[in-house]
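# sharing a sequence plus its predicted fold:
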Amino acid sequence: MIRYLARRLAYLVPTLLLVAFLVFFLIHLIPGDPAVVMMGPDATPEDLASVRKALGLEQPLWRQFALWMGSLLKGDFGVSIHTHRPVFQSIKERFPVTITLTSLALLFSLLVSLPSGVLAAAYHNTQKDYLFMLGTILGVSIPGFWLGLMALLIFSVHLGLFPSTGFVPLWDDFWEGLRFMVLPSITLGVYMAAVVARMTRSSMLEVLRLEYVTHARAKGLSEWKVLTKHALKNAFAPTLTTIGLQYGMLLGGAVVTETVFSLPGLGKYLVTSIYMRDYPVVQGCILFIALVYVLINLAVDLLYSYFDPRVSYQ
Amino acid sequence: MIWKKLSRNWLGLIGLAVIALNVLVALMAPFIATHDPLQIDVANQAAPPSAKFFFGADEYGRDIFSRVIYGTRISLFVSVLSVLFATTFGVVLGAAAGYYRGWAESIIMRCMDAIMSFPAILLAIGIMAVLGARLINVVIALGFVYVPRFARIVRGSVLSVKQKEFVEASLAMGNSDAAIIFRHILPNCVAPLIVQATANLAYAILAESSLSFLGLGAPPPAPSWGNILSDARNFMLDNMWMTIFPGLAITLAVLGFNLLGDALRDILDPRLN
């Protein structure tokens, strides 16, 4: 297991280097002089010179990358051009909001998708199954930000059930914090719920055809036990991969959801920084989210063999 | 054969009909729209739906129905071009990786892995942040983030088709690599590519509207669906209709491509079902 982990981590190195290079390269895609774009046309020559110096734009490209990588390895994501605060510090303050949002969205989507996917497979080719398929195809077709706006209008404005915007940390006041997160997390989780439910249904259908399931039924086990104890565990392995990949959708979708619900998370910070042309922050946020995504998929890979023992760590 | 099977799949047919309707609306937009989508009309600011304004008017008095109709053009333009971009580059890179193997494969596929290490919409947001909000940049950003999906499919297909005897025969006859790839190998990869492209058209519509909603897509006052929703957001408390119709238009268009994509997947690639 440790050797497998070491090998997987070693395999990650070139990918992470390329990820860092892509993020570094983003700033060089800016048409014209990045310093002028960031500081605006009214910037003084001194302002421009100070930005060029801060970002190392006067150095050759390879040296800029080497310096940037060196700083990253020390946990230095650069400094915001507008607030002059270290980017990593700001990310650390905002990330708990984003991870709360995405975790609750994940929880919601699993609570909905796993039981419904199992039931749809159990009622294969019946009206319940067709209804399920209709629901999931709608789930992957409705834009999240529109769903968020509609949810705000109906459940906050007209029914007054939930607050419309704002954030209370769960660790300060759990129930009040939860009230603020219900609409954003459901809005964000609907797409993933639909994708995971479809995957669960199709994996379950595949597993339910296998002989060991027939054997379990022949032993006289209840259908509930066959579905949950025997079939679901095996069917869960491909679903787990989908969950890992879809977590990226949650992280990306959080940018839009946080904007709709004005949540002070990493996504909202990213969008605000784009409007302010604060590119070191943009780079830092994108790189940080990509790193989280890569690590989550690594964790999923490691969990995989628990659910599918045929996959060995060798 | 595809058409024969598709004609028996009623959900796929509904999807096809919805897509056809969208294409028709995009092509005939000037004849269907009742107003100029950019025409400001201060006398009718935030007018509710009526015989004059089917979907109401926005805060500048612009007709939302006409803006939604013209928005179909933007949405289809971006989604089709970005998928075409991704397919072209994905096919070339995937075919090169699968056919030549070795260092070419390692470099290409590691780059694809790196691009896929980003949540797609996040990378598109990053690219739009630096390139600036222009329609053609949306095409480039979305096309770029979708390239690996196509490259992976084509590489996988090339790896399996390359082992077939007809490819060896073509090689023995002295055909060039390009001829073998384009004449013999790629035609055998078309089925999974069509499935992926159809699904990606749906993703692209969602992504384009999200980018526009964030102010990173087609620049205002372009009537893209995301822009209409972004404008409506500040006025939706008293004017709910401003948000309902553009959202329904996006959902309907995405639903069409998803239904067709599912049907094509069942027909062309039963392993994925």
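Nice, thanks for sending it over. Numbering: from 1, shown residues only, chains lettered A, B, ... in the order given.
# look up how far B:I181 lies from B:D58.
B:D58 sits 51 Å away from B:I181, going by C-beta to C-beta, to the nearest Å. Placement of C-beta: from N, CA and C, glycine included.
# please apply the same query to A:S164.
According to C-beta to C-beta, A:S164 and B:I181 sit 56 Å apart.
# ok, B:L229 next?
The span separating B:L229 from B:I181 equals 43 Å under the rule C-beta to C-beta.
# more neighbours, those two?
Taking other C-beta atoms under 10 Å in any protein chain shown, B:L229 and B:I181 do not tie; B:L229 has more neighbours (27 against 24).
# please enumerate the helices of the stretch 151-273 of chain B.
With DSSP state H, counting those that start in this stretch, the ranges of helices along the stretch 151-273 of chain B come out as B:165-172, B:177-179, B:190-213, B:225-232, B:241-268.
# what's the most buried one of these?
Neighbour counts (mean count of other C-beta atoms under 10 Å in any protein chain shown) averaged over each of those peak at helix B:225-232, with a mean of 26.
# average pLDDT for it, rounded please.
In this model, helix B:225-232 carries a mean pLDDT of 96.
# export it to CSV, keeping only CA atoms.
Only the C-alpha atoms of helix B:225-232 are listed here, as CSV (Å, rounded to 0.1, in the frame of the first residue of the first chain):
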residue,chain,number,x,y,z
TRP,B,225,-28.8,33.6,-22.4
GLY,B,226,-26.3,34.0,-19.6
ASN,B,227,-26.2,37.8,-20.1
ILE,B,228,-30.0,38.0,-20.0
LEU,B,229,-30.0,36.1,-16.7
SER,B,230,-27.1,38.2,-15.3
ASP,B,231,-29.0,41.4,-16.2
ALA,B,232,-32.2,40.1,-14.8
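# off-centre distance for that helix?
19 Å (C-alpha atoms, centre = their mean, to the nearest Å).
# sorry, back to before: redo the helices of the stretch 151-273 of chain B as CSV? Include distance to B:K52.
Written out in CSV, the entries for the helices of the stretch 151-273 of chain B read as follows (distance: least, C-beta to C-beta, whole Å):
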stretch, distance to B:K52
helix B:165-172, 64
helix B:177-179, 59
helix B:190-213, 26
helix B:225-232, 18
helix B:241-268, 14
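# for chain A, which of the ones you listed is the nearest?
For the helices of the stretch 151-273 of chain B, the distance to chain A is smallest for helix B:241-268, at 3.6 Å, taking C-beta to the nearest C-beta.
# whatever residue of the stretch 51-200 of chain A ends up closest to chain B sits in which helix or strand?
Residue nearest to chain B within the stretch 51-200 of chain A (C-beta to the nearest C-beta): A:W146, separated by 3.6 Å. Secondary structure here is read from DSSP states H and E; on that basis A:W146 sits in helix A:144-151.
# what angle do that helix and helix B:225-232 make?
Here the directions of helix A:144-151 and helix B:225-232 differ by 30 degrees (axes from the mean of the first three to the mean of the last three C-alpha atoms, to 10 degrees).
# so for helix A:144-151, mean pLDDT?
Per-residue confidence for helix A:144-151 averages out to 96 on the pLDDT scale.
# what does the pLDDT read for A:F167?
At A:F167 the predicted local confidence, pLDDT, stands at 92.
# that one touches A:L178, doesn't it?
No - taking C-beta atoms under 8 Å as the contact criterion, A:F167 and A:L178 are not neighbours in contact, 11.4 Å apart.
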